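[1] Okay, predicted coordinates and the sequence, questions at the end:
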Amino acid sequence: MEELLKQLLSENPELQALLVVDEEGIVVYKESREGLPFDPEEAAVELITPSTRIDEFLHDSLEEEKGLEEFIVFSRRYLFLVYKLVNETFLVAVSSRTPLYGRLRFRLRSKLKEVIKQL
């Protein structure tokens, strides 16, 4: 898993960190670049609570089978992307804000099956 996360970081210069986190906020895997002005683990853990709540809402209220697939948060300088994996685990990507975020989303989504397979 570490090699896959390293590869994704090297192929996407706007990515600052990639983390696999469980529903309780425990970081299972992490790869990040140096120099972030915040702790990417803390950011990922903070994003899990709203992600799990949205997932529950989609399941319970809208009766969607898959629930949450992707959750995106834009800040002034960063982009946070959360993808639901399997067994209540999430991939959290921290990126510099970029107008080409659609390309980044495509690249991350294309690797989700590999990430899931390695879990």
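    Received the coordinates, thanks.
[2] Now do the longest helix along the chain: which elements does it pack against?
    When the chain is parsed with DSSP state H, its longest helix is helix 40-60. On a contact count with 3 or more Cβ pairs under 8 Å, 6 or more residues apart in numbering; DSSP states H and E, helix 40-60 meets strand 15-22, strand 27-32, strand 70-74, strand 78-84, strand 89-96. Where C-beta positions appear, they are placed from N, C-alpha and C, glycine not excepted.
[3] in it, what's buried?
    Of the residues in helix 40-60, 40-41, 43-45, 47-48, 51-52, 55, 58 count as buried by neighbour count, 16 or more other Cβ atoms under 10 Å.
[4] Kindly report the same for stretch 13-26.
    Applying 16+ other Cβ under 10 Å to stretch 13-26 flags 14-21, 25 as buried.
[5] what do you get for stretch 110-119?
    Across stretch 110-119, burial judged by 16+ other Cβ under 10 Å covers 111, 115.
[6] just how off-centre is that stretch within its chain?
    12 Å (Cα atoms, centre = their mean, to the nearest Å).
[7] quick one, phi/psi of Ile26?
    Main-chain torsions, Ile26, degrees, to the nearest 10: phi -90, psi 120.
[8] I should have written Asn12 there, sorry.
    Main-chain dihedrals, Asn12, degrees, to the nearest 10: phi -130, psi 90.
[9] Let me see the confidence value for it.
    The model reports Asn12 with a pLDDT of 95.
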